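Participant: Need a 3D model of the sequence below.
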Amino acid sequence: MRAPRLKVLLATAAVLVPLVATGCSSSTSTDAGASRDCITDFDASKDYFPDKSTIEDATGFTIDYHRSYQVVTVAEPYPGAEPAKYVLVRCGAPTPKLTGDLAGAPTVQTPIRSMYSGSTTQLPSMAALDRVDVVTGVANADYVSNQQVRDRISEGKVRGYADGTTVKTEDVITGHPDVLVSAGFDDPAYAKIAKAGIPVLADADWLEQSPLGRAEWIKFFAALTGTEKKAADTYSGIKKGYLEVAEKVKGAPKVDVLQGSVFSGKWTRPGGASYSSNLVEAAGGTSPWADDTSTGSLELSLETVIARQSGATVWIINNADINTLKALFAEEPRYRAFTKATSNVWNSTKAVSPSGANDFWERGVLRPDLVLGDLAALIHPELYPSHQFVFYQRLS
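Facilitator: Residues are numbered from 1 along each chain as shown. You can find the predicted model right below:
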């Protein structure tokens with residue numbers, strides 16, 4: 001299974017002379033996308049944010065408004081990191097004097113016109129906000145599913161800036177996007193990029209264990225693009241659909257769902273309080289690990305899983321390398337011990353491109369309503385006899 005994010009590591013890069021963008025000057029990027037309307041007659045008493053985001057379910061970031069600028073705080077930019085603050089100033093307004101915990105905080109003129117994206121999970125938000133033209137760089141083009149972005153890549157309007165797991169630092173600096181939004185991991189390259197005048201902002205949506213909380217990071221990108229109302233409307237629709245599915249299966253009997261598979265000699269499955277387990281639970285599934293409080297992965301012996309879940313009736317593997325039952329049993333013949341589950345195995349590989357891009361790890365992050373709909377239909381098919389699957393397919 002390919003991780004949805006690319007952890008990028010710096011090999012070698014030269015420190016170039018810093019370039020600092022200020023005010024409403026045009027972007028120096030050769031492939032800058034969107035234009036923007038800036039304040040032309042600044043009034044210090046005016047509120048330049050008529051539409052404000054309210055965070056409902058996400059716990060990883062907050063937005064505070066100050067008439068002509070916003071302060072976005074990311075609680076944990078990457079695992080174990082201290083909170084990071086970013087000051088987003090409406091273009092045409094003076095940059096505020098930053099003191100206290102804002103001293104030295106990255107400052108970004110908004111709406112941004114060009115963004116380098118560190119994770120494909122960010123692209124559906126930009127598409128939903130009608131701001132795909134802002135995306136001018138992606139870490140790895142092969143992993144992109146969104147057709148609008150793929151078209152821009154083909155047209156030369158979006159460049160790749162990572163070589164495998166290594167950020168091509170000079171390419172980022174010479175491209176000079178308004179911002180680089182990271183994939184929620186630290187990297188030595190970021191300090192060099194920031195020193196060159198390109199703010200590096202952390203998208204840590206993947207640390208959210210709530211599916212709705214993860215989807216609500218669309219409001220983070222709305223703050224960058226000035227599309228707060230569009231984000232609110234989009235998220236409201238997603239949340240409504242998600243809660244409707246959860247309510248429909250609420251009264252149905254819980255189904256024992258087997259999750260994961262053997263990897264490097266250990267059965268690896270999501271922790272009981274993880275994002276994936278929360279989705280399965282909301283879809284009407286359960287397991288002997290339902291009360292487990294870990295949010296990462298559990299490593300178990302195959303014998304333990306067989307002993308506790310040999311009667312499971314549904315199996316969800318989320319393994320990109322397995323597309324048939326024959327391949328499943330070839331990987332581990334002892335899987336046949338799950339006599340009921342092996343006739344009902346599902347994998348999140350319905351929307352995989354020839355290059356290996358899996359839309360489950362891309363659009364699925366923004367659309368937990370669609371993911372939950374798939375899960376509810378495969379766990380409780382009696383409730384969804386005509387369901388059209390988006391991300392999951394049954395192995396045969």
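Participant: now the longest helix seen in the chain: how far from the chain's centre is it?
Facilitator: Using DSSP state H, we find that the single longest helix of the chain is helix 228-249. Chain-centre distance of helix 228-249: 17 Å, with Cα atoms, centre = their mean, to the nearest Å.
Participant: Which positions in it come out as buried?
Facilitator: Buried residues in helix 228-249, counted by 16 or more other Cβ atoms under 10 Å: 228, 230-232, 234-235, 238-239, 241-242, 245-246, 248-249. Quick note: C-beta positions are derived from backbone N, CA and C, even for glycine.
Participant: Turn those into TSV, including pLDDT.
Facilitator: Output for the buried residues of helix 228-249, formatted as TSV (pLDDT from 0 to 100):
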residue	pLDDT
Glu228	98
Lys230	98
Ala231	98
Ala232	98
Thr234	98
Tyr235	98
Ile238	98
Lys239	98
Gly241	98
Tyr242	98
Val245	98
Ala246	98
Lys248	98
Val249	98
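Participant: immediately after the longest helix of the chain, which helix or strand?
Facilitator: On the C-terminal side of helix 228-249, the nearest following helix or strand under DSSP states H and E is strand 255-259.
Participant: Okay, now the sheet partners of the following helix or strand past that next one, with direction.
Facilitator: As assigned by DSSP H and E, the chain's next helix or strand after strand 255-259 is strand 261-263. Strand 261-263 pairs in its sheet with strand 266-270 (antiparallel), by DSSP bridges.
Participant: by how many degrees do the strand it pairs with and strand 255-259 diverge?
Facilitator: Per axes from the mean of the first three to the mean of the last three Cα atoms, to 10 degrees, the angle that strand 266-270 makes with strand 255-259 is 120 degrees.
Participant: Going by distance to Ser261, which of the buried residues of helix 228-249 wins?
Facilitator: Closest approach to Ser261 among those (Cβ to Cβ): Val249, at 24.7 Å.
Participant: residues contacting the closest one?
Facilitator: 282-284, 376, 379-380, 383 (Cβ atoms under 8 Å, 6 or more residues apart in numbering).
Participant: again, only this time at 10 Å
Facilitator: 255, 282-285, 372, 375-377, 379-380, 383-384 (Cβ atoms under 10 Å, 6 or more residues apart in numbering).
Participant: And for Asp43?
Facilitator: Taking Cβ under 10 Å, 6+ apart, we find Asp43 in contact with 67-68, 93.
Participant: Just the buried ones out of those, please.
Facilitator: Neighbour-count burial (16+ other Cβ under 10 Å) applied to these gives 68, 93.
Participant: which ones among the contacts of Val249 are found in strands?
Facilitator: If you go by DSSP state E, these have 255, 285 in strands.
Participant: which one among the contacts of Val249 gets closest to Gly100?
Facilitator: Proximity of these to Gly100 (Cβ to Cβ) peaks at Ala282, which lies at 40.7 Å.
Participant: Can you give me the neighbour number for the closest one?
Facilitator: Ala282 has 23 neighbours, counted by other Cβ atoms under 10 Å.
Participant: ditto for Trp315
Facilitator: By other Cβ under 10 Å, 24 other residues sit near Trp315.
Participant: what's the pLDDT at it?
Facilitator: As predicted, Trp315 sits at a pLDDT of 98.
Participant: contacting residues for it?
Facilitator: Neighbouring residues of Trp315 by Cβ under 10 Å, 6+ apart: 257-261, 309, 328, 335, 338, 340-347, 378, 395.
Participant: out of those, which are buried?
Facilitator: Neighbour counting by 16+ other Cβ under 10 Å classes 257-261, 309, 328, 335, 338, 341-342, 344-347, 378, 395 among these as buried.
Participant: Give me the subset of those that lies in helices.
Facilitator: 309, 328, 378.
Participant: ok, so of the residues you listed, who is nearest Asp291?
Facilitator: Nearest to Asp291 among these, counting by Cβ to Cβ, is Gln309 at 14.7 Å.
Participant: I'd like to check which residues are in contact with the closest one.
Facilitator: Applying Cβ under 10 Å, 6+ apart, the residues near Gln309 are 256-259, 267, 269, 287-289, 315, 337-338, 340-341.
Participant: at 6 Å instead, please
Facilitator: Residues in contact with Gln309 (Cβ atoms under 6 Å, 6 or more residues apart in numbering) are Leu258.
Participant: Tell me the spacing between it and Arg394.
Facilitator: As judged by Cβ to Cβ, to the nearest Å, Gln309 and Arg394 stand 19 Å apart.
Participant: Quickly list the domain ranges of this structure.
Facilitator: As given by automatic domain parsing, the domain ranges for the chain are 61-238, 250-394.
Participant: Most tightly packed of these?
Facilitator: Comparing the domains of the chain by mean neighbour count (mean count of other Cβ atoms under 10 Å), domain 61-238 ranks first with a mean of 20.
Participant: how far does that domain stretch from start to finish?
Facilitator: End-to-end span of domain 61-238 (Cα to Cα, to the nearest Å): 19 Å.
Participant: now that domain: how far from the chain's centre is it?
Facilitator: Taking Cα atoms, centre = their mean, one finds the center of domain 61-238 at 11 Å from the center of the full chain.
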